[in-house]
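Chemist: fold the following, please.
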Amino acid sequence: MEVIYEDNHLLIVNKVPGEIVQGDKTGDRPLVEELKEWLKVKYNKPGNVFCGVVHRLDRPVGGLVIFAKTSKALARLNEMFRNGEVKKTYWAITRNAPPKQEDTLTHYITSVERNNKSYASPIEKKGSQKAILSYRHIASSERYHLLEINLMTGRKHQIRVQLSSIGCPIKGDLKYGDKRSNPDGSISLIAHRIEFIHPVSGKEIDVTAPLPDDNLWKALASGCNE
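Modeler: Numbering: from 1, shown residues only. I've put the predicted structure just below:
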């Protein structure tokens, strides 16, 4: 667990792939509980510590996650996420190049709990939710490609299933069509940057995650045209 930003109301943490943000049926210790313990020790607090989950990342995904230290910040951030006032930029490594240098993708996503998987369709289906993202192809190596993604909606496994639907499964993502898993069980997708107006102070928050300690990530990032 790596805390990237902290003030009286917020924490922004760089999540490691494999960690879960909130408790689930696995029973594994979630990141929110680790943070509560960290806050309790750091500030020598007796009793329970408040730490609110604002949003989540899939277990095999790394990068930035926001937590609220106060109920006021949690309520306001929840509203900001609902209104699309938080800009989240993701980076993904794909084995195939996308069909266009940049594009906006619109699908209708249906999630199936039985196999914990989402399915994307170009047409609306019963129970589906509209999903929109934009991507930009920002770098390539001999075998891999780096895409920058901005989400306009937040659906389950959205980036993974939408990129797979255009023939660009994320490196290591067996669930959505890649050929081989990554050695550590992660997928090559990170929540790279978060930008928003602080819900209490009103100041601009702009935080970028450190890159994974991986030669491929570093090589692709050095060649990107940000």
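
Chemist: can you confirm Ile109 is in a helix?
Modeler: No. Read with DSSP: H, G, I helix; E, B strand; the rest coil, Ile109 is strand and lies in no helix.

Chemist: return the residues in contact with it.
Modeler: Ile109 makes contacts with 118-121, 128-131, 155-158, 161-162, as judged by C-beta atoms under 8 Å, 6 or more residues apart in numbering. Every C-beta, even on glycine, is put in place using the N, C-alpha and C of the backbone.

Chemist: what are the ranges of the helices in the chain?
Modeler: Applying DSSP state H to the chain gives helices spanning 31-42, 71-82, 158-165, 215-222.

Chemist: what's the most buried one of those helices?
Modeler: helix 158-165 (a mean of 24; mean count of other C-beta atoms under 10 Å).

Chemist: might one say that Thr208 is in contact with Ala191?
Modeler: No. Contact criterion C-beta atoms under 8 Å: Thr208 and Ala191 do not qualify, at 10.2 Å.

Chemist: out of those two, which sits in the busier spot?
Modeler: Ala191 (23 against 14; other C-beta atoms under 10 Å).

Chemist: that one pairs with what?
Modeler: Applying DSSP bridges to Ala191 gives these bridge partners: Gly63, Tyr90.

Chemist: show the contacting residues for it.
Modeler: Lys15, Leu57, Val61, Gly62, Gly63, Leu64, Val65, Lys88, Thr89, Tyr90, Ala209.

Chemist: can you name the two of those that are farthest apart?
Modeler: Largest separation among those by C-beta to C-beta: Lys15 and Thr89, giving 15.3 Å.

Chemist: which intervals of the chain have sub-threshold pLDDT?
Modeler: Applying pLDDT under 70 to the chain flags residues 23, 224-226.

Chemist: now the strands: where do they sit in it?
Modeler: Using DSSP state E, the strands of the chain run over 2-6, 10-15, 52-53, 62-68, 87-94, 102-112, 117-121, 129-140, 145-151, 189-197, 204-208.

Chemist: for Ile12, see how far away the residue sitting furthest away from the middle of the chain is.
Modeler: Of all residues in the chain, Pro46 has its C-alpha farthest from the mean position, at 32.4 Å, by C-alpha atoms, centre = their mean. Distance of Pro46 to Ile12, given as C-beta to C-beta, to the nearest Å: 26 Å.
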